[in-house]
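Engineer: return atomic coordinates for the entry below.
(2 chains)
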Amino acid sequence: MRTLRYILFLFSILAGLTVGLYYAWQINPGVYTNTTPDRLRADYKADYCLMVAEIYQKDQSVTLATSRLVILENTSPLRLVQQAIVTAQELQYNAFDVQTLGQLAQALMASNPDGGTQP
Amino acid sequence: MRENRGYWFMLTGLVIGLGLGLFYGWVISPVEYTDTAPSSLLPEIKDQYRSMIALAFQADGNIGRAQVRMALIKDADPVRALANQSEQVVAEGGSVAEGVALQKLALALREMVPAATPGAGATLGNPTVPAAPSLDTTPVATQESTEEGVSPGETPTDETGPAPSVPTFTPRATSNALPTIGAPFGKQESAPVCNPAQLPGLLVVEVMDSGGNPLPGMKLSITWDGGSSSFFTGLFPRVSLGYADFTMQPGKNYSLRVGESGDVVNDIAAPECKNTDSSTYTGGWKVTFIQK
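Structural biologist: Sure thing, here's the model as predicted:
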């Protein structure tokens, strides 16, 4: 009898744990504010890169473009732009925008040829 | 004697388990969101995002796109957010160009026809409208655990299905209310100001369009014997979008002009003003320009 009570007690703890985790992870996982840019969805990242590329078209500053891109994610700026081009093609951005991104990628590649090969 | 304690111990166990589960799920291993929207970004990153939108707008002049991008941040009042940020950038010694870009976007958005709400007026796959991100801002919460089948570093996928077509906003005809750079500005008023409450030597400038509306982002060139400088309107939107000021040195004469052409106002100087008790103080000057 005593053993049965222990088993039931353990079972009830596990049941509570399951319910608690389900609530905390699925039903009410908290408010998603103050997130970092690396958590942005791919299309938002691509649009951010496009903004950088548009500004680059005007100021022609690779340094500024790089400093703007590193805010997005702690990885190679060239990789970010390359990823943005892939996303842009998947989402059927117009050709001019893809070209704008391509020009930024070329400029980044020219300034740092190894930039796109970093992991 | 046998004690009958019933099954209340199970409720105790349930509560303990529930507490442990919530603690683990909220504190030890909370959900980490991926695929979030710009509206959920850190405030300082949102500022950066706004600046990028403004600078991109300055580069491409596409107000429709800038409007869609601003909508992603979900500011309660985008125009005010831009104006306040512009003021903050300048007050903190940041880039004047960035401050001006923010102001120009604020003005352009303010003067647009009230925008379509996200979704309304949006068209799918319009190839002529570039790259506005979709407005579906529901993030995907993922519990990053290998037990869930998502290995660390693997890009979680949007569980709502394949990447959606990009609802793009069909921009209305670009409403560029900003004055033509070369449009001349004429002097409407130029007079000394004796106000002891005002900073000594303060040159106050107001620039307006032909309709009398204040114009931000206008470059003012000022020269004096042995020097020159430039400053911009619109950096103090709480005063007026067309307001700018400059501190003059006593004893120097200044010449002022808006933009690259237009009237040059000469002989601006900090006047010597008298108080009621005959003591003197350095006054200021006010110049008002209006677009011809």
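Engineer: quick check: residue B:43 vs residue B:49, distance?
Structural biologist: Between residue B:43 and residue B:49 the distance is 10 Å, computed by CB to CB, to the nearest Å. Heads up, the C-betas are built off the backbone N, CA and C, glycines and all.
Engineer: secondary structure element for the residue nearest to the spatial centre of chain B, which one?
Structural biologist: Central residue of chain B (CA atoms, centre = their mean): residue B:82, 2.1 Å from the mean position. Per DSSP states H and E: residue B:82 is located in helix B:78-91.
Engineer: only the buried residues of that helix, if you could.
Structural biologist: Residues B:78, B:79, B:81, B:82, B:83, B:84, B:85, B:86, B:87, B:89, B:90 are the ones in helix B:78-91 that count as buried (16 or more other CB atoms under 10 Å in any protein chain shown).
Engineer: please name the residues that touch the nearest residue in space to the fifth one that is not next to it in sequence.
Structural biologist: Closest residue to residue B:83 in three dimensions, ignoring its sequence neighbours and counting by CB to CB, 6 or more residues apart in numbering or on different chains: residue B:237, at 4.0 Å. Taking CB atoms under 8 Å, 6 or more residues apart in numbering or on different chains, we find residue B:237 in contact with B:83, B:84, B:86, B:87, B:103, B:106, B:216.
Engineer: now do the strands in the stretch 151-292 of chain B.
Structural biologist: Assigned by DSSP state E, counting those that start in this stretch, the stretch 151-292 of chain B shows strands spanning B:167-169, B:185-193, B:202-208, B:219-224, B:227-232, B:243-247, B:254-258, B:264-268, B:272-274, B:280-282, B:284-291.
Engineer: which one of the ones you listed lies nearest to chain A?
Structural biologist: When those are compared by CB to the nearest CB, strand B:167-169 sits nearest chain A, at 9.3 Å.
Engineer: related to what we said a few turns ago, roughly how far does the residue nearest to residue B:83 sit from residue B:86?
Structural biologist: According to CB to CB, residue B:237 stands 7 Å off from residue B:86.
Engineer: now do the shared contacts for those two.
Structural biologist: Residues touching both residue B:237 and residue B:86 (CB under 8 Å, 6+ apart) are B:103, B:106.
Engineer: as TSV, the buried residues of helix B:78-91 with distance to residue A:56 would be great.
Structural biologist: TSV is the format used below for these (distance: CB to CB, whole Å):
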residue	distance to residue A:56
B:78	25
B:79	27
B:81	25
B:82	22
B:83	26
B:84	27
B:85	22
B:86	22
B:87	27
B:89	21
B:90	24
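Engineer: what's the farthest-apart pair in those?
Structural biologist: Greatest spatial distance in these: B:78 and B:90, 19.0 Å, computed using CB to CB.
Engineer: buried stuff in stretch A:37-45?
Structural biologist: A:37, A:39, A:40, A:41, A:42, A:43, A:44, A:45.
Engineer: surely the first one is in contact with residue A:71?
Structural biologist: This points to residue A:37. Yes: the pair residue A:37 / residue A:71 is scored as a contact, 6.2 Å apart, by CB atoms under 8 Å.
Engineer: mutual contacts of those two, please.
Structural biologist: residue B:45.
Engineer: the chain: helices as residue ranges?
Structural biologist: Answering for chain A, as no chain was given. Counting by DSSP state H, chain A has helices at residues A:2-22, A:42-59, A:62-69, A:77-90, A:95-111.
Engineer: think we crossed wires, I meant chain B
Structural biologist: Counting by DSSP H, the helices of chain B are B:8-23, B:43-60, B:63-73, B:78-91, B:96-110.
Engineer: put together JSON lines for those helices, with distance to residue B:275 and mean pLDDT on each row.
Structural biologist: As requested, the helices of chain B are arranged in JSON lines below (distance: least, CB to CB, whole Å; pLDDT from 0 to 100):
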{"stretch": "helix B:8-23", "distance to residue B:275": "70", "mean pLDDT": "92"}
{"stretch": "helix B:43-60", "distance to residue B:275": "44", "mean pLDDT": "93"}
{"stretch": "helix B:63-73", "distance to residue B:275": "49", "mean pLDDT": "93"}
{"stretch": "helix B:78-91", "distance to residue B:275": "31", "mean pLDDT": "86"}
{"stretch": "helix B:96-110", "distance to residue B:275": "36", "mean pLDDT": "86"}
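Engineer: and those helices: which comes nearest residue B:274?
Structural biologist: The closest of the helices of chain B to residue B:274 is helix B:78-91. By CB to CB, the value is 33.4 Å.
Engineer: kindly export the closest one (C-alpha atoms) in PDB.
Structural biologist: Output of helix B:78-91 as PDB, limited to C-alpha atoms (Å, rounded to 0.1, in the frame of the first residue of the first chain):
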ATOM      1  CA  PRO B  78       5.500  56.600 -36.800                       C
ATOM      2  CA  VAL B  79       5.900  60.200 -37.700                       C
ATOM      3  CA  ARG B  80       6.400  61.200 -34.100                       C
ATOM      4  CA  ALA B  81       8.800  58.300 -33.500                       C
ATOM      5  CA  LEU B  82      10.900  59.500 -36.500                       C
ATOM      6  CA  ALA B  83      10.800  63.100 -35.400                       C
ATOM      7  CA  ASN B  84      11.700  62.300 -31.800                       C
ATOM      8  CA  GLN B  85      14.500  60.000 -32.900                       C
ATOM      9  CA  SER B  86      15.900  62.700 -35.200                       C
ATOM     10  CA  GLU B  87      16.000  65.100 -32.400                       C
ATOM     11  CA  GLN B  88      17.600  62.600 -30.100                       C
ATOM     12  CA  VAL B  89      20.300  61.700 -32.700                       C
ATOM     13  CA  VAL B  90      21.300  65.300 -33.000                       C
ATOM     14  CA  ALA B  91      21.100  66.000 -29.300                       C
END
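Engineer: next, count neighbours for the residue nearest to residue B:105 when sequence neighbours are not counted.
Structural biologist: Sequence neighbours aside, residue B:54 is the residue nearest to residue B:105 in space, at 4.3 Å (criterion: CB to CB, 6+ apart). Residues lying near residue B:54 (other CB atoms under 10 Å in any protein chain shown) number 29.
Engineer: this completes my enquiry, with thanks.
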